[in-house]
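> Predicted structure and sequence below. I'll ask about it afterward.
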Amino acid sequence: MFPTTLFHIPQNLMLLLDRSAIDRLKPLLAQATGMPIVASENTATIALVLVALGILGWGFYRARPFGKLGILAWLQSVALMSPWLLFFGLFAAGIYLNLVAVLLLLVASTGLYIYLGRQLRKAASDTVLPRPDAAEVKSQSDAFSVPESQRPPGPETIKIVTSSPANNESEIIPVPVEDLKAIKGIFGIDTFFATETIPYQDGVILKGNLRGDPEQVHSRLTASLEERLNDRYRLFLVENQDDKPVVIILPSTNDPQPTTVSQKILAVVLLLATIATSLETGGLLLSFDFFNSPTRYLEVLPIAAGIWAVLGSGEIARRVLANRYKVGLSWPFFIPTLQIGCFGAIDRFESLLPNRKVLFDIAFAGSAAGGIVSVLMLVTGLLLSHPGSLFQIPAEFFKGSVLVGTLAKVVLGSALQQQIVDVHPLVVIGWLGLVITAINLMPAGQLDGGRIVQAIYGRKIASRTTLATFVVLAIVSLVNPLALYWAIVILILQRNLERPSLNELTEPDDARAALGLLALFLMIAALLPLTPALAGRLGIGN
């Protein structure tokens, strides 16, 4: 069913999995720039370590004014970065840590991170924070906005005029008089002491002082609002641009809209296209064009089924978590590609999220399920590999991924020192699944990675990581066309962040934060190629 060689892989996939393909472009870059390109791995590694140490030093400088709270938060950053600083620092010194040592470092740093987080929360609860002042509230963001064309028709509201104590000018509150009175009646000195009402879009912003745990306060205020006005309004507990808590009340007509018929048709078309591209990917890996030989579908079906298993497991996991939290998800919009079959799927939330924990759980569940399935297929394939296996792959290919190369070295051992390595087809299928999962874990926009960053660190940091990811992809696209393709996808489809959740103040716990950061590190390990020196230390290739 499978040919005995695997050399005729498209150039884009080769660039993605094989660092040597990028190295072959260096003479062209040198000719274009007029400067020789000298690869000094130790210099680059030392520079990376120095940059990381500089970031930690800058973080310590920023943390000192906040006293014990700031130092504890800074120590959490040190705990997360220390394993990678130690690994790359020792590597620059010519000392290589094996996989077991790296895993022990990760486990230890994660445990320390969780412990420091508990100490930070305990210290924060014992600290009397200053009460917010009466500075002018700035707009949270346009993420709450709904285009006029998408807003369902509703009854005309009665607008009343109030006086703003800040500028002594008249302002129009776009909320009926009786509703506004009912809204103000839900606040109290033991929950949120409202001091000022400001018009905002179709609702209002209420400034004041938060008096209690954000999660409990939001739950009590929401229950009181529903009791007085049923399901007509939504209550958001967020931070304004001054990092001070405010309450935003918006009509329920601003809720995300359900998937339209035309969008469902598009989802079906993309699904059919993904099925076709997955079959074509299998044909390309088997050295023939499936579109020209559709009768050979039985040959490509196992590879395509492996890709579908990765995609399907991620979708199932997302929907199981979404149903658990009673969150609506749209039909999946798959992104087909000939290189690896599919880049994943876009899932739009059709209801508001209760808090950032839910955002994290849904995003993490999809990537975790797809990643686990991919790793299981990869490891199973490596264990089943033996001389005479159906696929023969150049050992240079295993230099294309730190994660895959390391796992292959653990299982295959000295077999990777040969020029050609016999592997089971599951190795290739699992590798493709890891690439798909890692791409969706990039910290940008509404990708799983972007949602994870937004859930852990908030919208400001998520906006910066989205921009940083786009810049990195733009730079990498100089040698890898796949990066340019994905940069365009992010720019057009995925650049926006998720809407704020109803309770933006309650952060995910430390265990979730550690899991999210581990997933992001594994994403880098899956996409980052091995340097020739590290590949030599591992005994991969010549």
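Ah, there it is.

> and the spatially most central residue of the chain, which of the three is it?
When C-alpha atoms, centre = their mean is applied to the chain, the residue found nearest the centroid is residue 449 (0.6 Å). What DSSP: H, G, I helix; E, B strand; the rest coil gives for residue 449 is helix.

> go on, residue 258?
Three-state call for residue 258 (three-state DSSP): coil.

> next one: phi and psi at it?
Residue 258 has phi and psi values of phi -70, psi 160 when expressed as degrees, to the nearest 10.

> is it true that the residue nearest to the centre of the chain touches residue 437?
No - in this structure, residue 449 is not within contact of residue 437 by C-beta atoms under 8 Å, at 10.1 Å. In this view, the C-beta of every residue, glycine as well, is placed from N, C-alpha and C.

> Now do the shared contacts for these two.
367, 523 (C-beta atoms under 8 Å, 6 or more residues apart in numbering).

> helix or strand for the residue nearest to residue 401 when sequence neighbours are not counted, which one?
Nearest residue to residue 401, sequence neighbours excluded (C-beta to C-beta, 6 or more residues apart in numbering): residue 526, at 5.7 Å. Using DSSP states H and E, residue 526 sits in helix 510-527.

> chain center to that helix: distance?
Computed by C-alpha atoms, centre = their mean, to the nearest Å, the separation of helix 510-527 from the middle of its chain amounts to 9 Å.

> any idea of the mean pLDDT for whichever helix or strand comes after that helix?
Using DSSP H and E, the helix or strand that follows helix 510-527 in sequence is helix 532-538. Helix 532-538 shows a mean pLDDT of 72.

> and if you look at stretch 476-486?
On average, the pLDDT along stretch 476-486 is 68.

> Likewise for stretch 295-310?
86.

> Stretch 432-441 too?
On average, stretch 432-441 scores 87.

> And the strands in the stretch 201-350 of the chain?
203-210, 233-239, 245-251, 333-337, 341-346 (DSSP state E, counting those that start in this stretch).

> should've said the stretch 401-542 of the chain
So, for the stretch 401-542 of the chain - with DSSP E, counting those that start in this stretch - the strands run 420-423.

> which residues does residue 436 contact?
Neighbour list for residue 436: 307, 310, 311, 340, 341, 342, 343, 344, 370, 374 [criterion: C-beta under 8 Å, 6+ apart].

> one step back: can I get the CA coordinates of the helix holding residue 526 in PDB?
Output of helix 510-527 as PDB, limited to C-alpha atoms (Å, rounded to 0.1, in the frame of the first residue of the first chain):
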ATOM      1  CA  ASP A 510      -1.900  28.600  38.900                       C
ATOM      2  CA  ALA A 511      -2.400  25.000  37.800                       C
ATOM      3  CA  ARG A 512      -4.200  26.200  34.600                       C
ATOM      4  CA  ALA A 513      -1.500  28.900  34.100                       C
ATOM      5  CA  ALA A 514       1.300  26.300  34.300                       C
ATOM      6  CA  LEU A 515      -0.500  24.000  31.900                       C
ATOM      7  CA  GLY A 516      -1.000  26.800  29.500                       C
ATOM      8  CA  LEU A 517       2.600  27.800  29.500                       C
ATOM      9  CA  LEU A 518       3.700  24.100  29.200                       C
ATOM     10  CA  ALA A 519       1.500  23.900  26.100                       C
ATOM     11  CA  LEU A 520       3.100  27.000  24.600                       C
ATOM     12  CA  PHE A 521       6.600  25.600  25.300                       C
ATOM     13  CA  LEU A 522       5.700  22.300  23.700                       C
ATOM     14  CA  MET A 523       4.400  24.300  20.700                       C
ATOM     15  CA  ILE A 524       7.800  25.900  20.300                       C
ATOM     16  CA  ALA A 525       9.600  22.500  20.800                       C
ATOM     17  CA  ALA A 526       7.400  21.000  18.000                       C
ATOM     18  CA  LEU A 527       8.100  23.800  15.500                       C
END
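
> buried stuff in that helix?
Buried residues in helix 510-527, counting neighbours by 16 or more other C-beta atoms under 10 Å, are found at 510, 512-517, 519-523, 525-527.

> Could you find the closest non-adjacent residue to residue 209?
residue 193 (4.6 Å).

> Surely the one you found forms part of a strand?
Yes - using three-state DSSP, the assignment for residue 193 is a strand.

> doesn't residue 212 make contact with it?
No - counting by C-beta under 8 Å, residue 193 does not reach residue 212; the two are 10.5 Å apart.

> and these two? which has more neighbours close in?
residue 193 (15 against 12; other C-beta atoms under 10 Å).

> what's near enough to touch the more buried one?
187, 208, 209, 211.

> do you know how far the residue nearest to residue 461 when sequence neighbours are not counted is from residue 463?
Excluding the flanking residues, the one nearest residue 461 by C-beta to C-beta, 6+ apart is residue 453, at 6.3 Å. Residue 453 sits at a distance of 10 Å from residue 463 (criterion: C-beta to C-beta, to the nearest Å).

> Between these two, tell me which one has more neighbours.
residue 453 (28 against 18).

> wait, what's in contact with that one?
443, 461, 462, 465, 516, 520.

> switch to 6 Å and redo it
443, 462, 465 (C-beta atoms under 6 Å, 6 or more residues apart in numbering).

> Tell me the pLDDT of it.
89.

> Quick check: the gap between it and residue 359.
Counting by C-beta to C-beta, the gap from residue 453 to residue 359 is 10 Å.

> And residue 183, by the same measure?
Distance of residue 183 to residue 359, given as C-beta to C-beta: 26 Å.

> same question, residue 504
10 Å.

> next one: residue 315
17 Å.

> Rounded mean pLDDT for the helix or strand where residue 79 lies, please.
Residue 79 is part of helix 67-92 when elements are defined by DSSP H and E. For helix 67-92, mean pLDDT is 71.

> What of stretch 114-121?
Stretch 114-121 comes out at a mean pLDDT of 75.

> How about stretch 458-472?
82.

> Now do the buried residues in it.
Per 16+ other C-beta under 10 Å, stretch 458-472 contains these buried residues: 458, 459, 462, 463, 465, 466, 469, 470.

> how about these in a markdown table, adding distance to residue 420?
As requested, these are arranged in a markdown table below (distance: C-beta to C-beta, whole Å):
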| residue | distance to residue 420 |
| --- | --- |
| 458 | 49 |
| 459 | 50 |
| 462 | 44 |
| 463 | 47 |
| 465 | 40 |
| 466 | 41 |
| 469 | 36 |
| 470 | 38 |
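
> and of the residues you listed, the nearest to residue 251?
residue 459 (22.0 Å; C-beta to C-beta).

> Residue 123 falls within a helix, correct?
Yes - Residue 123: assigned to a helix according to three-state DSSP.

> For burial, what's the neighbour tally of it?
By other C-beta under 10 Å, 15 other residues sit near residue 123.

> Check the spacing between the residue nearest to residue 342 when sequence neighbours are not counted and residue 333 real quick.
Among residues not flanking residue 342 along the chain, residue 274 sits closest, at 4.7 Å (C-beta to C-beta, 6+ apart). Between residue 274 and residue 333 the computed distance is 10 Å (C-beta to C-beta).
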